[in-house]
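Peer 1: Below are the sequence and a predicted model; questions follow.
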Amino acid sequence: MQHTIEVNGIKLYAFHGCLVEEEKIGGHYTVNVSITTDFSASFLSDELVDTVDYVKINQVVRDEMAIRSKLIEHVGFRISERLKNEIKGLIKSSVKVIKHCPPIGGDVDDVAIIIEG
């Protein structure tokens, strides 16, 4: 069976961007992660070992977002790859990185990328 676990609204302050100002000042980001896996064993066991630990997902996101990248595409890919390597039983994932108030010369709430795999 396939099931989905989502960890949404991981709020972070990070220093991603191509501009020097972004490296110095930083900005607000939100990351949403969706994991497809089989956690049906946890239905009966009620044990964390039989599912995906949300704390692990949150930690992977926080670790990778702390490493500066010019592009949110790059950091999103790194998050996706770590999840593939570190989450036991992962079938597929979706990582959405949202950059709030991007400096793109207009009144824009946010920009986002989604990495699926």
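Peer 2: Looks like it arrived, so ask away.
Peer 1: CA atoms for contacts and neighbours, from now on please.
Peer 2: Fine.
Peer 1: Sheet-wise, list the partners of the one helix or strand Val7 maps to with their directions.
Peer 2: Per DSSP states H and E: Val7 is located in strand 3-14. Its sheet considered, strand 3-14 pairs with strand 27-37 (antiparallel) by DSSP bridges.
Peer 1: How about residues contacting the strand it pairs with?
Peer 2: For strand 27-37, the surrounding residues in contact (C-alpha atoms under 8 Å, 6 or more residues apart in numbering) are 1-16, 57, 61, 89-101.
Peer 1: Return the distance of the residue located most distally from the centre of the chain relative to Lys84.
Peer 2: Residue farthest from the centre of the chain, counting by C-alpha atoms, centre = their mean, is Leu44 at 28.9 Å. The gap separating Leu44 from Lys84 is 26 Å, by C-alpha to C-alpha, to the nearest Å.
Peer 1: Filter the contacts of strand 27-37 down to just the buried residues.
Peer 2: Neighbour-count burial (16 or more other C-alpha atoms under 10 Å) applied to the contacts of strand 27-37 gives 5, 12, 14-16, 57, 61, 90, 92-99.
Peer 1: Next, work out how far apart Ile91 and Glu22 are.
Peer 2: 35 Å.
Peer 1: Which residue ranges of this protein form strands?
Peer 2: 3-14, 27-37, 92-100, 110-116 (DSSP state E).
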